[in-house]
Each structure stands twice: as structure tokens, then as C-alpha cells.
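Asks: Here's a sequence, model it:
(2 chains)
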Amino acid sequence: AQSVTQPDIHITVSEGASLELRCNYSYGATPYLFWYVQSPGQGLQLLLKYFSGDTLVQGIKGFEAEFKRSQSSFNLRKPSVHWSDAAEYFCHCRGGSNYKLTFGKGTLLTVNP
Amino acid sequence: NAGVTQTPKFRVLKTGQSMTLLCAQDMNHEYMYWYRQDPGMGLRLIHYSVGEGTTAKGEVPDGYNVSRLKKQNFLLGLESAAPSQTSVYFCASSRPPVSGYEQYFGPGTRLTVT
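Replies: Reported below is the predicted structural model:
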């Protein structure tokens, strides 16, 4: 069965520090992979996506993610976190030819001044 | 360009009452989705539609019905609300598969069933 695991429920970092949010997926083939961000009381906004090609993908707001097939991972990174990055982050996996859509349970990011 | 809009933003129902949530998108997307979000559960797909007049069940469809009479609208109905349906409901729309399924989300509807 398809699944997405975000091992960290809550992460706290200091402003200016680097960030890595982990995502592991379970799927029979290479899926479509996404990271979304949700600010309090808001809907989800796409940060970046991977379908094929270069395994390092760049997104909005200075985020990037790397697809590692051997580890079934799609971790999100940012070299220097800003206070405005405080939000909840969701990893999303989608099968290409079916409608199996799976979201991780989210990682809440707190940024200390 | 409003994107995806949802009506209403908040609603309180009593057990057994019915209601309809409306989702509208102005991006001419074929695909539309209804999710529910519960604390610690991420988003779970309720129903989806791949085009006008077509709908299909997602992961948690029980207790919900949907209709897609017009391409731009996707309605979610609760015929007899239960406290377990207290949740935040999100609608989304997406481009066709060749464009990669990127989803655009509405702002959500917070529903409380007492």
C-alpha cells in the first residue's frame, strides 16, 4: 500500500539556521512527489514538485528537495530559515496512473528569533 | 483571478442535519478534489472528479456525497451530519496529468457537528 511518512511531528530551529524536513514514501514505482506548506488558518500552497529528471528540485521561497530513489526519500531543505517560514509542511505522493493520493501527517516548524 | 474559493468558511451543525459545501475554481481545471484535515492525520481524500459529470470515491467517502454538474464547481454534501465529521474541509483543483497534478487549494471550511 502506498504511504508517506514524515518522521518529525514538530521541529524547532533558530532563525538563520539550516533546515531539513524528512519524507519517506512507499510506492511501487517512481511517484509524483510534492511538498506543500500551510500557514495557520490557510489552505496549502505548493513549494516544489518532482516527476522525473534532475533529482534536486528548486522551489519557491528558497526551498529545495532531493529525490533519492535508493532511500525512497524526498527531503525538503532550506539553507537559512526566516521567521516567516514557521508553518506546517506536508509531503505528498501521487501515483502516476491512478488516483492514489497520499499526504504525510505533516511537520510543524517553529522558528525562534 | 480568485483561484479556488470555498463557501461557507465556518459552519456549526447539529447531529442529523444536512448541508452542502461549495467549491468553485476559475482556472478551467478538469480535476477537483475534496479533502478533510484532522489534527495529526494530514489530509485525507474524500471524493474527487476528473471532469464535469464524473465523480469517484477517495479514501474516506462514507457519509459524504458529491456532484460536479459544472466544470467550475464541485459540491460536497453531508446528508446526516455526525460528530465524527467535525473537521476542516479543503477543496482543490489540478491541472491535467501532463502538467503534473499540481493542486491548488481553497482556504478551507471549518465544520463543527454537535
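Asks: Does B:I46 touch B:D62 like I think?
Replies: No. Between B:I46 and B:D62 there is no contact under C-beta atoms under 8 Å: 9.2 Å. Glycine gets a C-beta too; all of them are placed from N, C-alpha and C.
Asks: burial measure for residue 72, as a count.
Replies: Let's take chain A. Residues lying near A:S72 (other C-beta atoms under 10 Å in any protein chain shown) number 16.
Asks: actually chain B
Replies: 15.
Asks: Among B:I46 and B:D62, which residue is more densely surrounded?
Replies: B:I46 (24 against 8).
Asks: and the gap between the more buried one and A:H82?
Replies: 34 Å (C-beta to C-beta, to the nearest Å).
Asks: what does B:N1 give?
Replies: 27 Å.
Asks: and chain A, which residues reach chain B?
Replies: Counting by C-beta under 8 Å from any C-beta of the partner chain, chain A comes close to chain B at A:4, A:9, A:32, A:34, A:36, A:41-46, A:49, A:51, A:90, A:94, A:96, A:99, A:101, A:103-106.
Asks: re the thing from before, out of B:N1 and A:H82, which sits in the more crowded spot?
Replies: A:H82 (12 against 4).
Asks: what's near enough to touch the more buried one?
Replies: Contact partners of A:H82, counting by C-beta atoms under 8 Å, 6 or more residues apart in numbering or on different chains, are A:15, A:111.
Asks: ok, and what's touching stretch A:83-93?
Replies: A:2, A:4, A:6, A:15, A:19, A:21, A:23, A:25, A:27, A:31-40, A:44, A:47, A:61, A:74, A:76, A:78, A:101-104, A:106-111, A:113, B:42-43.
Asks: Which ChimeraX command selects the buried ones in these?
Replies: A single ChimeraX command selects the buried members of the contacts of stretch A:83-93 (16 or more other C-beta atoms under 10 Å in any protein chain shown):
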select /A:4,6,19,21,23,25,27,31,32,33,34,35,36,37,38,44,47,74,76,78,101,102,103,104,106,107,109,111 /B:42,43
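Asks: Out of the contacts of stretch A:83-93, list just those in strands.
Replies: Among those, the members falling in strands (DSSP state E) are A:4, A:19, A:21, A:25, A:32-38, A:44, A:47, A:74, A:76, A:78, A:101-103, A:107-111, B:42-43.
Asks: Any figure for the gap between whichever residue of chain B sits closest to chain A and A:P7?
Replies: In chain B, the residue that lies nearest chain A is B:F105 (3.6 Å; C-beta to the nearest C-beta). For B:F105, the distance to A:P7 equals 24 Å [C-beta to C-beta].
Asks: Between these two, which is the more surrounded one?
Replies: Higher neighbour count among B:F105 and A:P7: B:F105, with 23 against 11, using other C-beta under 10 Å.
Asks: how about the nearest residue to that one, chain neighbours excluded?
Replies: Once flanking residues are discounted, B:F105 sits nearest to A:G43: 3.6 Å by C-beta to C-beta, 6 or more residues apart in numbering or on different chains.
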